[in-house]
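Asker: okay, structure incoming, though there's no sequence with it:
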Ligand SMILES: [Mg+2]
């Protein structure tokens, strides 16, 4: 499984990377803008991500905006519906309106922060990603 962690907080980012290290290769981006660049590059190289863990509150470009653009890029490249990358939003408490917005723009799941490993693994399993570990 190839995953991308998008998170502006260093500690949260590092922790997620440790959690995901057993499941395959993981990459990082520090804001939505960087995530869009990395995802675009991966699609162009025909090596798309299987999973994106996306923070909502980030400088430069927030997670909701980034998800919107990523879905648009996928669409332009003929990737739609279930073939799209699975996205888990990571969010602080009290951002329920943001979560609603995230589901509207095509994320599959969300986890409240601080992210703990069992919660993350549960969502990854629910999204059907344990089968295609690589
Ligand atoms: Mg943040």
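Answerer: Okay, I see it. In this text the structure is predicted, and so the values were computed from the model without any measurement. Numbering: from 1, shown residues only.

Asker: got the contact list for residue 80?
Answerer: residue 74 (Cβ atoms under 8 Å, 6 or more residues apart in numbering). (Glycine included, C-beta is placed from N, CA and C.)

Asker: repeat that for 10 Å
Answerer: In this structure, residue 80 makes contact with 71, 74, judged by Cβ atoms under 10 Å, 6 or more residues apart in numbering.

Asker: so how far is residue 44 from it?
Answerer: To residue 44, residue 80 is 17 Å away according to Cβ to Cβ, to the nearest Å.

Asker: which residues touch the residue nearest the centre of the chain?
Answerer: The C-alpha lying nearest the average C-alpha coordinate of the chain belongs to residue 52 (Cα atoms, centre = their mean; 2.2 Å). Counting by Cβ under 10 Å, 6+ apart, residue 52 makes contact with 3-6, 27, 29, 35, 38-39, 63, 66-67, 70, 85-89, 107-108.

Asker: give me the residues contacting stretch 110-124.
Answerer: Against stretch 110-124 from outside (Cβ under 10 Å, 6+ apart): 1, 3, 5, 7, 9, 11-12, 15-16, 18-20, 22-23, 50-51, 53-57, 86-96, 98-99, 102-103, 108-109, 129-130.

Asker: any of those residues buried? List them.
Answerer: Among these, those classed as buried by 16 or more other Cβ atoms under 10 Å are 1, 3, 5, 7, 9, 12, 15-16, 19-20, 23, 50-51, 53-57, 86-91, 95, 98-99, 102, 108-109, 129.

Asker: what about the residues you listed, which are in strands?
Answerer: 3, 5, 51, 53-55, 86-91, 109 (DSSP state E).

Asker: what number of residues lie near the nearest residue to residue 89 once chain neighbours are set aside?
Answerer: With Cβ to Cβ, 6 or more residues apart in numbering as the criterion, residue 89 has its nearest non-adjacent residue at 4.1 Å, and that residue is residue 110. Look at residue 110: counted by other Cβ atoms under 10 Å, it has 20 neighbours.
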